[in-house]
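# below are the sequence and a predicted model for it; my questions follow.
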Amino acid sequence: MPWFPPFVRPLLFNFFILGLLPLFSPVFSETLYLKKQFGDNEHTVEEWGKMDCSLNEFDLTALGLERSCEEWPDLAPIYCDGKIIEAVNYWGERMLFLRDSKHFVDRPLKKEAKKVVEQFKAMFNVTEWKKFVVSDMSPAQVDQLSKFVRENFGMADESPIPQPGALLPHVPEDWVETKPFETIKDGKLRKWAKQLNKMWKEMSRKMPKEMNGKGNQQNSLIYVSNPFMVPGGRFREFRYWDAYLIARGLIASGMTASVKNMCKNFAEMVNRFGFVPAGGRIYYNKRSQPPFLTLMVYDYFGATGDIKFLKEILPVLEKELDFWRTKRSIEVDVKGRKKTFYQYRADTNLPRPEAFCQDVNLVKNISDPKEKAKVWRDIASTSESGWNFSSRWIKKDETDKENPWKLTNLMTTKIVPVDLNALICGNLEMLAHLYLQIDDKTKSSEYHRKFQLFLEDFQSLFYKKEHGIWYDYNLESGGLNEMFYGSAAMPLFARCYHTVDVDTAERMFRRMEQFDKDNKMLSHPFGVPASAVNSAQQWDFPNVWPPLQHMLIDGLRRSFNSRMEDKAKELAQKWVSANFKLYQNSQSCGKKMWEKLTADGGTPGSGGEYSVQIGFGWTVGAMLDLLVTYGTELTAKGVAEMKCDNKIMEAEPLEFPNELTEYRSELLTEAQKKVDEINKSQKDWTAVVYEPFALMTDEEFKQLLGADLEVTNGPYNRQQLQWKGNFEVEKDYKDLPKEFDARQKWPECADIISNVPDQGRCGSCWAVQAAATLTDRICIARLKKGQKTDSKDPRAYVSAQYTLEATPESKGCKNGTNPRFAWNYYRNMTVSGTNYEMYDGCKPYTIGPIAERKWWYFINPFGSLTDDASWKTREPNCNNKCKERYLKRQFPDGQRPWEPFIHEASIMPAVTDPVAWISWNGKWGEKRINGQSLELEMMREIMANGSIQAGFEVFDDFKTTFKNDRNQIYSHSPNSKSMGRGHALKIIGWGQLYWLAVNSWGKSWGHNGMMKIRRGINEGGIESLSVHFGAVNCGIRRLRRLLPQQFCPWLRFQCLFNKMCSSK
């Protein structure tokens, strides 16, 4: 292994040889789960395993429903709308080797489709499809179904093991390393462009010729003759809209032959289906995407002058345009006359196969089959738009304050979209130009006339003259939807406006600035968001999407208005810098490009029905196009290159051989049996298999439990505690409310209090929750003094990484320690900050997410969980100063402080305050006796000063998660056994029967990372074990010595530091 540094090789050996198989997962995309949710974000599509995918007896093949895969009758029951896809989705949670619906329909078959269907029928005695009810399958049949999938399906992703029906990696013949980028003036950006250029080799695929066999197809791919680019992540096939920006990037890279291949593939699609499907899978064949093929050919011809190819493909471009005219057109009354416009209106009203479970789950409360079909058509039509999903297509429910943007209220087929019509308008003009290039003046004049007529109709319907901008038209209301969406830039980009009026672009830009007063559309630091609506859908605020951003920049650049050309350059600089920074500073230095990013944070985007993807084709294409277009003007100023602390392996095998898949399946089957036993033994909560824990041994799971079980006067002794059923203490609740939530009492700190940390596969809960608790209490204490804390400032958070490294008693990720040591350290020392999901700050957390499903693992400073020597070989860095590279990323040159940001811990309640106690036998105010409940004191303290940290004894039923339901209240089940370890939580409130707690296992666990644990019965000793919060009394003398006077004005927390600077 010469490409790995020496210290990595022993870890690799441990991972591959010494029994870490339970950590492996058989299915992977190049997706990093860095979800940054919009608050609670409960109205996004639910996570896999928490959905009802049952169709009951609703028959998807019934007469009147428009099926997706009629051209492939043998494959349809497997990949599109039959009982096999239904059964796999319905029982997917139980079988537990499926990532999501798309993962299944992307898996190739190991034998002919007819034989697979026949085997399914024989295995389950299916004589008539309509009589086979998937939900009635017995546990034994579900086990058979699991075996059926393993025996008959290969891997969805590329495999090191050759398999039939799989795509092949391909190195494009026209790839060159450096030549196209020599015009990029800035050295850092030129180097980056070369790195991005190498990604084309990772994205390029081709199909084996044998996959073109007629009548014997063994996968869901649509065969094409030429190589192509895949976007990346879960998108393992070519995608239509993505291909346009990929083509722009390829042209910038000098790879015009690759662009020609993509155009030829799309021409094959048009000749076969009449249009270009949304992607290269059979389940996309009833929906297209925005028609960019003409623009691809236009740009290709502009780069090459290839007249021969232009003559060949022009009839195909006309044929595609005819599809939109005959299949997607609608007549709208404009000034008393019927005019033709275009819509997204898919030819199917069934669940999307690639999102089968989500779509079925969405309509579970709709009883009318016609209404189900209506919702499904609107979902498929929205998917055809490429904007799946956005408030743009949803009728807002004004009566529902919590979730006004329901996907069941989609009305895509009632919208006439401005961007689609502008794009078709641009198609007409480009066809006129292209026919002129081959000297066909008749055709050129015909299309020029069509363009001029449609342009007038377009302006009449979509343009709001008073606003100077274009909007979507709503057929239901008979008017324009006067809200900002990034689609408003399409007329500029497609040149569907009177270009002689050079002020058109400026009027639109001024309107965006007016939106900006309320919604900051233009002043976000990392780009223009897709909309101003925070709906928790991915095509809304705060996400910045490459095609929308590129479209706006390109439209302004070509507006013939010098002021707008300057604005285009400014936007290009901002967006290129945002992507460059994210690429350089990605956690663990992954050096990846992301599908989308956020306008305010510059972090990977979020929301919607799947995790943010990496790869990523259209982002790479857009960046290369802009870097070459503005090569002499863009700079990397203010974006520091990050040197990696954590090394990761570049090669990521995406799936495993079947024997490992079976091994994993056995572990998950055992976990399901355990869950069934738990649920039979009690009714207070419903256990659900949590895959990351199910794949761990008990010993590995114990290493996550890092809170020592220790009472005041010595080690923890269960006999000292009074347990469930015997816990009798007189209580007086008269001064306390029945329910309390710190987020509601201090809403200005709600974002900080709600933050769910992820300790990773590390026994650091003691440090993670101590840091989170102190962070909350600092925010609340500052608020009491009239000082607000910005939740987006990385310095506002006490650093868990720093706590983990610098606390003298810390054992790193091994075994944990008592949380009191963290609080003791806070009391006497200084501490820097950074939140988990932030890359910037003083000391970011370096350990990968606990639910990370890669077969390699982030190598954190404490080594792997099974490497006993790793903690000794790499000592932690206990420097309480910010590292120089962190400061460079936070502050511009000339404004960089020399000292760390130090949390103002001394503004916490003084040790003499009545409520200022902590469960440590020392100077901070001891307030409890072994075995005595601290319940009332805990409640009063939370209500007075905010969150507290508490530890409890963990039982083996906690090696699961809960049904995603607010009513779940945990207490250990009767037959559960103690694991002999403790775990730390952050308690932020209570209800009548429970403590409201934030866990440190990420948002995929529990109820979005939170839980309710039984109150008043001393569950697991939670009311008498390690209960901590800060009566922290910083050593002012020490701080004053650390902090030079001249830097006091820089520090944001003036209360503490002004006092220090003035009292030498």
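Received it, and whenever you're ready, just let me know what you need.

# what about the helices in the stretch 201-350 of the chain?
Along the stretch 201-350 of the chain, counting by DSSP state H, counting those that start in this stretch, helices occupy 240-252, 256-273, 293-304, 307-327.

# tell me the most buried of those helices?
Most buried of the helices of the stretch 201-350 of the chain, by mean neighbour count (mean count of other CB atoms under 10 Å): helix 240-252, with a mean of 26. Where C-beta positions appear, they are placed from N, C-alpha and C, glycine not excepted.

# now do that one: which elements does it pack against?
Under the contact definition 3 or more CB pairs under 8 Å, 6 or more residues apart in numbering; DSSP states H and E, helix 240-252 sits against helix 187-203, strand 228-229, helix 256-273, helix 293-304, helix 546-557, helix 617-629.

# mind putting the ones you listed in a markdown table, mean pLDDT and distance to Thr348 included?
What follows is the helices and strands packed on helix 240-252, written out as a markdown table (pLDDT from 0 to 100; distance: least, CB to CB, whole Å):
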| stretch | mean pLDDT | distance to Thr348 |
| --- | --- | --- |
| helix 187-203 | 95 | 29 |
| strand 228-229 | 98 | 24 |
| helix 256-273 | 98 | 13 |
| helix 293-304 | 98 | 22 |
| helix 546-557 | 98 | 24 |
| helix 617-629 | 97 | 25 |
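
# got CSV for these, with distance to Val416 too?
Putting the helices and strands packed on helix 240-252 into CSV (distance: least, CB to CB, whole Å) gives the following:
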stretch, distance to Val416
helix 187-203, 35
strand 228-229, 32
helix 256-273, 24
helix 293-304, 21
helix 546-557, 19
helix 617-629, 25
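
# ok, which of those comes nearest Ser391?
Evaluated with CB to CB, the helices and strands packed on helix 240-252 place helix 546-557 nearest to Ser391, the distance being 14.6 Å.

# buried set for the strand or helix carrying Arg827?
Arg827 is part of helix 819-828, with elements assigned from DSSP states H and E. Across helix 819-828, burial judged by 16 or more other CB atoms under 10 Å covers Pro819, Arg820, Phe821, Ala822, Trp823, Asn824, Tyr825, Tyr826, Arg827.

# name the nearest of these relative to Gly833.
Nearest to Gly833 among those is Tyr826, at 12.2 Å by CB to CB.

# surely that closest one is in contact with Thr773?
No - taking contacts as CB atoms under 8 Å, Tyr826 lies outside contact range of Thr773: 10.1 Å.

# His1007 pairs with what?
The residues paired with His1007 through beta bridges, assigned by DSSP bridges, are Met1010.

# burial of it, as a residue count?
19 (other CB atoms under 10 Å).

# and it, what's its pLDDT?
According to the predicted model, the pLDDT of His1007 comes to 88.

# ok, now the one 4 residues further on?
Looking at Met1011, its pLDDT reads 94.

# that one reaches Tyr970, doesn't it?
Yes - the criterion here is CB under 8 Å, and Met1011 meets it with Tyr970 at 6.0 Å.

# which residues are common contacts for the two?
Common neighbours of Met1011 and Tyr970, using CB atoms under 8 Å, 6 or more residues apart in numbering, are Phe962.

# can you pull the domain assignment for the protein?
Structural domains of the chain, as assigned by automatic domain parsing, span the residue ranges 24-152, 666-1028.

# and the longest one, how far apart are its ends?
The one in question is domain 666-1028. From the first residue to the last, domain 666-1028 extends over 41 Å; the measure is CA to CA, to the nearest Å.

# ok so, going back, Glu513: which of the helices of the stretch 201-350 of the chain is closest?
Between Glu513 and the helices of the stretch 201-350 of the chain, the tightest spacing by CB to CB is seen for helix 240-252, at 26.3 Å.

# average pLDDT for that closest one?
Looking at helix 240-252 alone, the average pLDDT works out to 98.

# just how off-centre is it within its chain?
Using CA atoms, centre = their mean, to the nearest Å, the mean C-alpha position of helix 240-252 is found 23 Å from that of the whole chain.

# what does stretch 270-285 give?
Between the mean C-alpha location of stretch 270-285 and the chain-wide mean there is a distance of 28 Å, by CA atoms, centre = their mean.
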